[in-house]
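Asker: this one's structure only:
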């Protein structure tokens, strides 16, 4: 019970720990999944933004290219002088073009020296050379198509926002260089657009040339930026030149970002879009914070409920412990009363037996005693010893400390063989009916104890009927133990239909009578030793306790159902075994004592009086006996010279090394061992032993047969060698 209570508290403690650990573990798993999901969502957003930025940039540059091509067509084949003469009209046309395109700051037509022939800003244009500008110099020596320049600041007298040039070469009919057509593009136009599509916190957009020159940037920069081709961005673009997605610390501010990039088809330009990783983490934190808003209160509530249950359980168990202490105090007083009854019953019966023995001894000491009377007194002593042995056997059987000798037998056949003896025992006024199964019902139990149990149940039934009535013995196979039985204090509950015998089930032996029945108030005590409702001198009260002890020690159970005025039924259940385990019948051994013929016996017994008795008896039969009073010295004697002895005869219960320990040690030496005991805790727990066993009290002739059989086997083995 206390173990179960400790387990319940431990379970609650584990549940309390689990109420915290499990949500934390689930939160960690959810956090990991959520972080991956948040990153995936961010990557998809970056890709969508990149699509928009790419499409926008492509259309802007295509529009500028068409505008440059249109201007080139207008002035194709015109000498510079004619262009100057038409400058006012061309100025208006360029101004209309630049005003119609918000991405343009201005449009220009340059001569071969880099001087402006026409522009959309001033008319007439100042006589100023722009030959040093990259958008002009790139076309002087080669035809390269459209050229996109670096960000520039307007040159005086021109003012306004920074720009970068998109230019094309003016060629003559023979292909010689005659000037440049250029459009000044506003980076702030792109940055304004980026600000609209990248409004989320941590957003990033940029546009740059393939050589690393950044043309537009969000967030806006206060300086020009050129990326190192050998840096992380440059290496990534070199590895994946068309598009990619990377996580880097951006060189302009060293802020870590998740950035996607894509090249604009047919242009040496890349657009990129991204998010700061801190912004991605902030999104993840916000998502997990929403989980925590609900998760923390729920987890706290569950933990508090379990803590309350734990404290409540502790309180209830403390109350239960207090009740148990009170119950134990009551049971202790009841046990003392039962112990007094048990002691009185044992003392009464043993004093009767000792009186018979003492009187017989006194009579045997009288002179001139006739042989007939002498034999009668000896017989009385032997009978008293037998009854004393039976009394101790019944006590040990109830306590489940009796060493049983199990054998496989058919319950029906064994009960049938007891019919005549039961008829004599019960008397002619009692009708006996036996209902036996057609097929064998085998059990593996102590046959002698089984017969004793049947006799005790039959005797109890006879007394309940006052010597007149009907007793029915019913044997049948049972899958489980019946549900109804008398509760026995201190015994485990095997009722409720539990199959304790494995696949073979049980054999049930029911003994029903037509007696007066048992009141419900007495059902709880009927298996207690020395409890009896009979008059003094008419019963020991050990009969049913022997049945109870035998049943439990054999792995079975005994149950009882009764109704006052309608009789009682006692049911003995024993585990059933397979039919093929029934051994061949052997004739009983009734041989007389066997002479020792010089056979050497090592006798180990700590009770010197009993040892001398056994030694004298064996010596008279011709055995050579060496007596030692402890197992340790006996083992030393055997180790020193094992060939001196034909057999070892040892008591089991001795101080220090036991007889079982000695037998196990001697097993390797090769000397046979015979053990003896009146009671052994070890044997009562194991139920069997691998050595020959002689129960106390034993007769010398019985002992001589066992010793001779075991020792002779060793002699034959030795001869065979």
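Answerer: That came in fine, so what should we check first? Everything quoted here is computed from the prediction, not taken from an experiment. Numbering: from 1, shown residues only.

Asker: Quick check: nearest residue in space to residue 479, chain neighbours excluded?
Answerer: Sequence neighbours aside, residue 505 is the residue nearest to residue 479 in space, at 4.5 Å (criterion: Cβ to Cβ, 6 or more residues apart in numbering). To be clear about C-beta, it is placed using only N, CA and C from the backbone, and glycine gets the same treatment.

Asker: Check the one you found and give its pLDDT.
Answerer: pLDDT recorded at residue 505 is 87.

Asker: What are the buried residues along stretch 47-65?
Answerer: 49, 50, 52, 53, 54, 56, 57, 58, 60, 61, 64, 65 (16 or more other Cβ atoms under 10 Å).

Asker: In the stretch 101-250 of the chain, what residue spans correspond to strands?
Answerer: 104-111, 116-119, 147-152, 163-171, 177-185, 203-209, 214-218, 243-249 (DSSP state E, counting those that start in this stretch).

Asker: Contacts for the helix or strand that contains residue 92, please.
Answerer: In this structure, residue 92 sits in helix 87-100 according to DSSP states H and E. Helix 87-100 has contacts (Cβ atoms under 8 Å, 6 or more residues apart in numbering) with 67, 70-71, 74-75, 83, 104-109, 117-120, 123-125, 183.

Asker: Out of these, which end up buried?
Answerer: 67, 71, 74-75, 83, 104-109, 117-120, 125, 183.

Asker: from memory residue 562 sits against residue 517, does it?
Answerer: Yes - counting by Cβ atoms under 8 Å, residue 517 is a contact partner of residue 562 at 4.9 Å.

Asker: which residues are in contact with both of these two?
Answerer: Taking Cβ under 8 Å, 6+ apart as the criterion, residue 562 and residue 517 both touch residue 568.

Asker: neighbour count winner among the two?
Answerer: Shown here are residue 562 and residue 517; by other Cβ atoms under 10 Å, residue 562 has more neighbours (23 against 16).

Asker: for the helix or strand harbouring residue 306, packing partners?
Answerer: Assessed by DSSP H and E, residue 306 sits inside helix 277-364. When contacts are defined as 3 or more Cβ pairs under 8 Å, 6 or more residues apart in numbering; DSSP states H and E, helix 277-364 packs onto helix 2-75, strand 256-263, helix 371-398.

Asker: Next, give phi and psi for residue 273.
Answerer: The phi/psi pair for residue 273 (degrees, to the nearest 10) reads phi -140, psi 150.

Asker: after the worst-scoring helix or strand of the chain on mean pLDDT comes which helix or strand?
Answerer: Least confident helix or strand, the chain: helix 681-686 with a mean of 53, by mean pLDDT, DSSP states H and E. Proceeding N to C from helix 681-686, the next assigned helix or strand is strand 692-695, under DSSP H and E.

Asker: and that next one, which strands flank it?
Answerer: strand 673-677 (parallel) (DSSP bridges).

Asker: Show me what the strand it pairs with is in contact with.
Answerer: For strand 673-677, the external contacting residues (Cβ under 8 Å, 6+ apart) are 403, 647-653, 659-660, 662-663, 666-667, 683, 689, 691-696, 698, 706-707, 710.

Asker: filter those to the buried ones?
Answerer: Those of the contacts of strand 673-677 that meet the buried threshold are 403, 647-653, 659-660, 662-663, 666, 683, 689, 691-694, 706-707, 710, by 16+ other Cβ under 10 Å.
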